[in-house]
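J.: Pasted the sequence and its predicted model underneath.
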Amino acid sequence: MPDLVVGSWPTLAPAALRGLRSDARGMARAEIASMKSGSTRQDTAESGRQIAALVGALGDADVEVRRVAAHSLGQLEDRRAVPGLITALHDSDADVRRQAAWSLGQLEDRRAVAPLGAALTDADPQLRQTAAWALGQLEDPSAAPALAAALKDGDVEVRRKAAWALGQLELHVAPQALVDALTDRDADVRRTAGWALSQMEDPRAVPALRAMLADSDAGARRNAINALSQIRDSSAMQALIGAMQSKDAEVRRAAARALGER
C-alpha cells in the first residue's frame with residue numbers, strides 16, 4: 001500500500017518566532033534554529049529545557065509561534081512533550097491542532113489514544129484526517145472503536161485514513177464498519193479497506209470480500225483477492241476457487257497465484 005501523505009508541514013522560518021519575548025521564549029527560538037542546522041541535544045538537562053521552552057511556546061499569544069512549536073516538538077520525538085501537545089489539540093487555531101495531532105503521531109505514545117480519538121469528531125476535516133493517521137501510528141487496538149466510527153465520516157480522506165489506521169492495529173476481529181467500507185462510494189476507500197482486512201485474517205469478512213471480486217475498480221478486486229489469500233479458512237479457499245470462474249482475467253490470474261501460495 002502506498003505511503004500516506006498526512007499534509008504539508010510548515011518550514012521553520014525565523015519570522016515565525018518574532019513573538020517570543022521572555023527568556024523561555026528566547027530559548028525556544030534558539031532551539032528551533034539549532035534544529036534547522038541539524039544539531040542534536042547535548043544532554044538530558046539541556047533537552048529538558050528545550051522541551052520546556054517549546055511546550056511553553058504552545059501557549060504563546062502569537063498563533064504562528066504556537067504552530068511552529070507544535071511541529072518542532074514532533075520533530076524532537078521526546079515523549080515529555082505529550083501532555084502539552086494533548087492540550088494543544090484544543091487550541092483555538094485549527095492548524096495548531098493539526099500540528100499537535102501530527103506530532104503526537106510522531107511520538108507514538110499511547111497516552112494520546114483517547115485525545116486523538118476525540119479529535120476525530122473535530123469540525124476541521126484536516127484535523128480529523130491527521131488524527132486518524134496518528135492513531136494508525138500509535139498502533140493501539142483501543143483506538144479501533146473511534147476509527148471504526150470515522151469510517152462513516154463525510155470526508156473521503158478521513159474514511160481512507162481511518163481504514164488504513166485500522167489495518168495498522170493488528171486486530172484479529174474485523175470491525176463491521178470496516179467490512180461495510182468495502183462498499184464505500186469511493187474506490188480508494190474500498191481499496192484501503194480491502195488492504196486493512198488482509199491484515200486481520202477474519203473469516204467473517206469472506207462474504208463481503210467475495211462480493212468485492214465484482215467491484216468496478218481493479219485495485220479493489222486485487223485487494224479482495226489478497227485479503228482472501230490471507231484468511232486460513234475453508235470459506236476463503238472456496239471464494240478463491242470460485243474466483244477462477246470470473247469473467248475478469250486479472251481476477252482469475254490473481255486467484256490462481258493466491259491458490260498456489262496457500
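T.: Received the coordinates, thanks.
J.: Secondary structure element holding A70?
T.: Assigned by DSSP states H and E, A70 belongs to helix 63-76.
J.: What residues of that helix count as buried?
T.: E64, V65, R66, R67, V68, A69, A70, H71, S72, L73, G74, L76 (16 or more other CB atoms under 10 Å). No exception for glycine: its C-beta is placed from N, CA and C like everyone else's.
J.: so how far is it from its chain's centroid?
T.: In this view, helix 63-76 has its centroid 19 Å away from the chain centroid, taken as CA atoms, centre = their mean, to the nearest Å.
J.: Can I get it as CSV, trimmed to CA atoms?
T.: In CSV, the C-alpha atoms belonging to helix 63-76 read as follows (Å, rounded to 0.1, in the frame of the first residue of the first chain):
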residue,chain,number,x,y,z
VAL,A,63,-0.6,31.7,16.6
GLU,A,64,2.4,31.2,14.3
VAL,A,65,4.7,30.6,17.3
ARG,A,66,2.3,28.0,18.6
ARG,A,67,2.2,26.3,15.2
VAL,A,68,6.0,26.1,14.9
ALA,A,69,6.3,24.9,18.5
ALA,A,70,3.8,22.2,18.0
HIS,A,71,5.6,21.0,14.8
SER,A,72,9.0,21.2,16.4
LEU,A,73,8.0,19.0,19.3
GLY,A,74,7.1,16.3,16.8
GLN,A,75,10.5,16.6,15.2
LEU,A,76,12.3,16.2,18.5
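J.: could you give me the average pLDDT of it?
T.: Helix 63-76 carries an average pLDDT of 97.
J.: next structured bit after it?
T.: Downstream of helix 63-76 (by DSSP H and E), the next one is helix 82-88.
J.: what's in contact with that following helix?
T.: 55, 58, 66, 70, 73-74, 96-97, 99-100, 103-104, 107, 109, 111-112, 115 (CB atoms under 8 Å, 6 or more residues apart in numbering).
J.: same question, stretch 237-251
T.: Contacts for stretch 237-251 (CB under 8 Å, 6+ apart): 206, 209-210, 213, 218, 221-222, 225, 228-229, 252, 254-256, 258-259, 262.
J.: where along the stretch 51-200 of the chain do the helices fall?
T.: For the stretch 51-200 of the chain, the helices defined by DSSP state H, counting those that start in this stretch cover 63-76, 82-88, 94-107, 113-119, 125-138, 144-150, 156-168, 176-180, 187-198.
J.: want to try CSV for those, with distance to A239 as columns?
T.: Listed next are the helices of the stretch 51-200 of the chain as CSV, based on distance: least, CB to CB, whole Å:
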stretch, distance to A239
helix 63-76, 42
helix 82-88, 44
helix 94-107, 35
helix 113-119, 34
helix 125-138, 27
helix 144-150, 24
helix 156-168, 20
helix 176-180, 14
helix 187-198, 13
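J.: wait, which of the ones you listed is closest to A45?
T.: helix 63-76 (15.2 Å; CB to CB).
J.: quick one: the closest one to helix 94-107, angle?
T.: Interaxial angle of helix 63-76 relative to helix 94-107 (axes from the mean of the first three to the mean of the last three CA atoms, to 10 degrees): 10 degrees.
J.: which secondary structure elements does helix 63-76 contact?
T.: When contacts are defined as 3 or more CB pairs under 8 Å, 6 or more residues apart in numbering; DSSP states H and E, helix 63-76 packs onto helix 23-36, helix 44-57, helix 82-88, helix 94-107.
J.: so of those helices, which one's packed in deepest?
T.: Burial of the helices and strands packed on helix 63-76 is given as mean neighbour count (mean count of other CB atoms under 10 Å); helix 94-107 ranks first at a mean of 25.
J.: I'd like to know how many residues surround A236.
T.: 22 (other CB atoms under 10 Å).
J.: Quick one: residues contacting R232.
T.: With contact set as CB under 8 Å, 6+ apart, R232 has these partners: E201.
J.: for it, helix, strand, or coil?
T.: Of the three states, R232 takes coil under DSSP: H, G, I helix; E, B strand; the rest coil.
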